[in-house]
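Colleague: I would like the atomic coordinates for the input below:
(one chain, ligands or ions: 1)
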Amino acid sequence: MFFRKLPGVSASGMGLRLSQKFVFLLFLSGLVTLCFGALFFLPDSVRLKRIFLSKTDNPPVTVGSENGVRDHTKKTIRDPEHLRGITPGKGETSTKLKSLSRKPSDAYEARTAEKTAESRVPEVLNQARGINEAGRARDAATAPEKQTASSGRVEHSPAFDYEKFKKCLLKPPLGTEQGKPSDPPTLQRRDKVKEMMKFAWDNYKRYAWGKNELRPLTRNGHIGNMFGGLRGASIVDSLDTLYIMGLMEEYNDAKEWVENSLDLNTNGEASLFEVNIRYVGGLLSAYYLTGEEVFKRKVLELGEKLLPAFNTPTGIPRGVINLGSSGTSWSWGWASAGSSILAEFGTLHLEFVHLTELSGNPVYTEKVMNIRKLLNKIEKPHGLYPNFLSPVSGNWVQHHVSIGGLGDSFYEYLIKSYLMSDKTDEEAKRMYYSALQAIEANLVQKSPGGLTYMAEWRGGLLDHKMGHLACFSGGMVGIGADDGAPEKRQHYLDLAAEITHTCHESYSRSATKLGPEAFRFDSGAEATATRLSDRYYILRPEVIESYMYMWRLTHDPKYRQWGWEAVEALERHCRVEAGFSGIRDVYAASASHDNMQQSFFLSETLKYLYLLFSDDELLSLEDWVFNTEAHPLPVIRRGCLQEQEETPPQ
Ligand code: DMJ
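Modeller: Predicted structure coming up:
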């Protein structure tokens, strides 16, 4: 009817009067707005939505880790050479099912699948409280200062007092010649590790200064796409290692670079997890060890840039964030149905609590407590935590459970949150021990040859494989042994020792005496890789990490001996003329190198080796917890700090 020419009415254009045209345009714009608005209500999977809406809701195609650091950040299409075989879960599920054994109580899976389909709405409603809180936290994230000023909720504590903090440490802390072992052979070994660090560092400095990692064969730098335009990952990851080893000239170069060249105003797409564990963790440790203000300034600036990642309906952050002013975030393209990864959003707690500690701004702790709250509340299959969770609905997306890649450091951060709180964070403690109970009931297995291992769980089916990444769990179970039920202390110590033994077996059964990326316990295999794609070693630390913890807990000399075997193997097979390199096949006596000196080699592998050959006072476990990148963070002794507040300076 709008198009009909009315008799006796002067008209122009399509024969409509001016007022009619106006009404028509009004209607049309209303219609367009309505259609656009309706897009928001479509499920994420609808293509139309992906075309029209911003990245925040949609995975990009090519984001991921290029340099093969973690399983779950590696599914990129950019560097296939490095990625081959580093992607558990990718296309594996169906082929594996044949070899998997069924556990008795898997009716749960069917029940949960039905339930997820039928009762999504009520579940979402159940989480309404969490969502509202996430919403509040979201506001704080986008305008932390405004929030601080206006809400009255955020109290900025007085500026962090470094001197008072130092007084609360139990062991004489810092300085460089700490932890020197009194027996000459151990000291010699420690010196050897220090020499390895200097060699790795010097070559990085010479050929790759300011880049993220060194490529030791081609003698150049590697940037990758994990850190969103941030540079110098090897520098930030090395600060604390250089410092505790007393490599002061090198440490000073590193500090100067952070001061003058670490540019946080980048616009790239970064892994929230990797930036957190390496940059935030590295800068925090450097600050706590040295008291140098520059590290505090930088880490607080960086911390603020991470906050927009939490802008989701549940407050569960997405995996990828733009560090620029847009602050958009999205899920990894490879993570099913736009999900977030347990090991990523579950590995923020330690660093974020310390960001609050240093800034006096509670927003960081609120963010991670909100994650904890949701995880605590949500129903868990057999008490287990699956690896994929929707940041939109707050429901599990798949039922793959792993203590290795995708899950690993979430469990680690539960027990370490408890320890870092000076054993006051009872919720973290409860969650850790009940997760461990579920892991023991469902995943811990004994091989026919008597090796204890942690299998993976795929919706009730066991995959008899253990990843190198999962070998951190020997140390984790060990450090938690003292704080569970007293009657279980010995049991946990035994379990920790058994897992560490199995991981050592995965090393000693190879020609190079280095362990593969994943080893299996089926089809006659016992702690060996059966697939070509699992045979590589990229200078990972987890096995040595467990040796270090087990040494500290038991002082059984075998752990130092195993650590030394690893040093010899690294020297023989990974040391090349211009640094250290990963190798492609641990079962081949003559190595084929992958041309990458990972930053975690300097931050973790060499640091754990150095600690293994040092006295226990160096970064005492009473005072420090290590983040998952081996950056030491101090136990927060609230009582002592408060006492210090009350005591007037002499
Ligand atoms: C490191 O970046 C961290 O240890 C992380 O938690 C797991 N993987 C690598 C080293 O293997």
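
Colleague: switch to C-alpha atoms for all contacts and neighbour counts from now on
Modeller: Will do.

Colleague: please enumerate the helices of the stretch 351-500 of the chain.
Modeller: 363-377, 408-420, 426-442, 473-479, 489-508 (DSSP state H, counting those that start in this stretch).

Colleague: roughly how far is the shortest one from the heart of the chain?
Modeller: Think helix 473-479. Helix 473-479 sits 17 Å away from the centroid of its parent chain (C-alpha atoms, centre = their mean, to the nearest Å).

Colleague: do that helix and the ligand come into contact?
Modeller: No. Helix 473-479 does not reach the ligand (C-alpha under 6 Å from any ligand atom); its nearest approach is 11.3 Å.

Colleague: got the contact list for that helix?
Modeller: 403, 412, 415, 492-493, 495-500, 545-550, 553 (C-alpha atoms under 8 Å, 6 or more residues apart in numbering).

Colleague: alpha carbons only: can I get it in CSV?
Modeller: Taking C-alpha atoms only, helix 473-479 is exported to CSV below (Å, rounded to 0.1, in the frame of the first residue of the first chain):
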residue,chain,number,x,y,z
SER,A,473,52.1,-34.7,37.8
GLY,A,474,54.8,-36.6,39.8
GLY,A,475,55.9,-33.3,41.3
MET,A,476,52.3,-32.1,41.7
VAL,A,477,51.2,-35.1,43.6
GLY,A,478,54.3,-35.0,45.7
ILE,A,479,54.0,-31.3,46.8
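
Colleague: pLDDT value on the residue of the stretch 301-450 of the chain found nearest the ligand, please?
Modeller: As assessed by C-alpha to the nearest ligand atom, the ligand sits closest to residue 409 within the stretch 301-450 of the chain, at 5.7 Å. pLDDT for residue 409: 98.

Colleague: show me the contacts for it.
Modeller: Applying C-alpha under 8 Å, 6+ apart to residue 409 gives the contacts 343, 346-347, 628.

Colleague: tell me how far it lies from residue 248.
Modeller: 31 Å (C-alpha to C-alpha, to the nearest Å).

Colleague: coming back round to it: sort out for me which of the contacts of residue 409 are in helices.
Modeller: If you go by DSSP state H, the contacts of residue 409 have residue 343 in helices.

Colleague: near the ligand too, which of the contacts of residue 409?
Modeller: residue 628.

Colleague: pLDDT and neighbour count added to the contacts of residue 409, as TSV?
Modeller: Formatted as TSV, the contacts of residue 409 follow (pLDDT from 0 to 100; neighbours: other C-alpha atoms under 10 Å):
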residue	pLDDT	neighbour count
343	98	24
346	98	26
347	98	27
628	98	22
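
Colleague: out of the contacts of residue 409, which is nearest to residue 374?
Modeller: residue 346 (11.2 Å; C-alpha to C-alpha).

Colleague: can I get the contacts of residue 409 in TSV with distance to residue 179?
Modeller: Listed next are these as TSV, based on distance: C-alpha to C-alpha, whole Å:
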residue	distance to residue 179
343	32
346	32
347	29
628	22
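
Colleague: and the two most separated of the contacts of residue 409?
Modeller: The farthest-apart pair in these, when distances are taken by C-alpha to C-alpha, is 346 and 628, at 11.2 Å.

Colleague: poorly predicted segments of the protein, please.
Modeller: Along the chain, segments meeting pLDDT under 70 span 1-24, 29-158, 172-177, 648-650.

Colleague: buried ones in stretch 528-540?
Modeller: 528-530, 533-540 (16 or more other C-alpha atoms under 10 Å).

Colleague: what parts of the stretch 301-450 of the chain come near the ligand?
Modeller: Within reach of the ligand by C-alpha under 6 Å from any ligand atom, the stretch 301-450 of the chain has these residues: residue 409.

Colleague: try 8 Å
Modeller: The stretch 301-450 of the chain has residues 405, 408-409 near the ligand, with proximity defined as C-alpha under 8 Å from any ligand atom.

Colleague: neighbours of residue 27, how many?
Modeller: Neighbours of residue 27 under the rule other C-alpha atoms under 10 Å: 12.

Colleague: and it, what element?
Modeller: Here residue 27 sits within helix 18-39, counting by DSSP states H and E.

Colleague: up against the ligand, what does the stretch 451-600 of the chain have?
Modeller: Residues of the stretch 451-600 of the chain lying near the ligand (C-alpha under 8 Å from any ligand atom): 468-469, 538-542, 600.

Colleague: with adjacent residues omitted, what lies nearest to residue 194?
Modeller: With sequence-adjacent residues excluded and distances taken as C-alpha to C-alpha, 6 or more residues apart in numbering, residue 194 is closest to residue 245, at 6.5 Å.

Colleague: give me the neighbour count for the one you found.
Modeller: So residue 245, with other C-alpha under 10 Å, has 24 neighbours.

Colleague: now the one 4 residues further on
Modeller: If you count neighbours by other C-alpha under 10 Å, residue 249 ends up with 11.

Colleague: quick one: contacts for it?
Modeller: So residue 249 contacts nothing (C-alpha under 8 Å, 6+ apart).

Colleague: how far away is it from residue 243?
Modeller: 9 Å.

Colleague: who touches both of those two?
Modeller: Common neighbours of residue 249 and residue 243 (C-alpha under 8 Å, 6+ apart) do not exist.

Colleague: can you lay out the buried residues of stretch 528-540 as TSV showing secondary structure and distance to residue 327?
Modeller: Converted to TSV, the buried residues of stretch 528-540 look like this (DSSP: H, G, I helix; E, B strand; the rest coil; distance: C-alpha to C-alpha, whole Å):
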residue	secondary structure	distance to residue 327
528	strand	44
529	coil	41
530	coil	43
533	helix	36
534	helix	36
535	coil	38
536	coil	36
537	strand	35
538	coil	32
539	coil	33
540	coil	31
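
Colleague: which one of these is nearest residue 368?
Modeller: residue 540 (27.2 Å).

Colleague: which residues touch the closest one?
Modeller: Applying C-alpha under 8 Å, 6+ apart, the residues near residue 540 are 468-469, 600-601, 605.

Colleague: residue 441 now?
Modeller: For residue 441, counting by C-alpha under 8 Å, 6+ apart, there are no contacting residues.

Colleague: okay, how far is it across stretch 609-626, tip to tip?
Modeller: 14 Å.

Colleague: and for that stretch, what are the contacting residues?
Modeller: Contacts of stretch 609-626 (C-alpha under 8 Å, 6+ apart): 169-173, 178-181, 186-187, 189-190, 193-194, 245, 416, 419-420, 544-545, 547-548, 551-552, 560, 563, 632-635.

Colleague: switch to 6 Å and redo it
Modeller: Under the contact criterion C-alpha atoms under 6 Å, 6 or more residues apart in numbering, stretch 609-626 has outside partners 169, 178-181, 186, 190, 193, 548, 632-635.

Colleague: out of these, who's the most crowded?
Modeller: Neighbour counts for these peak at residue 634, which has 28 neighbours (criterion: other C-alpha under 10 Å).

Colleague: what pairs with that one across the strands?
Modeller: Beta-bridge pairing of residue 634 under DSSP bridges involves residue 624.

Colleague: buried ones in the helix of greatest length in the chain?
Modeller: Looking across the chain with DSSP H, the single longest helix is helix 184-208. For helix 184-208, the neighbour count (16+ other C-alpha under 10 Å) marks 186-187, 189-194, 196-205, 207-208 as buried.

Colleague: state the number of residues packed around residue 336.
Modeller: 15.

Colleague: distance check, it against residue 384.
Modeller: 19 Å.

Colleague: ok, residue 502 next?
Modeller: Relative to residue 384, residue 502 is positioned 23 Å away (C-alpha to C-alpha).

Colleague: neighbours of the closest residue to residue 546 other than its chain neighbours, how many?
Modeller: Leaving aside its sequence neighbours, residue 546 sits nearest to residue 475 (C-alpha to C-alpha, 6+ apart; 4.2 Å). Taking other C-alpha under 10 Å as the criterion, the count of residues near residue 475 is 28.
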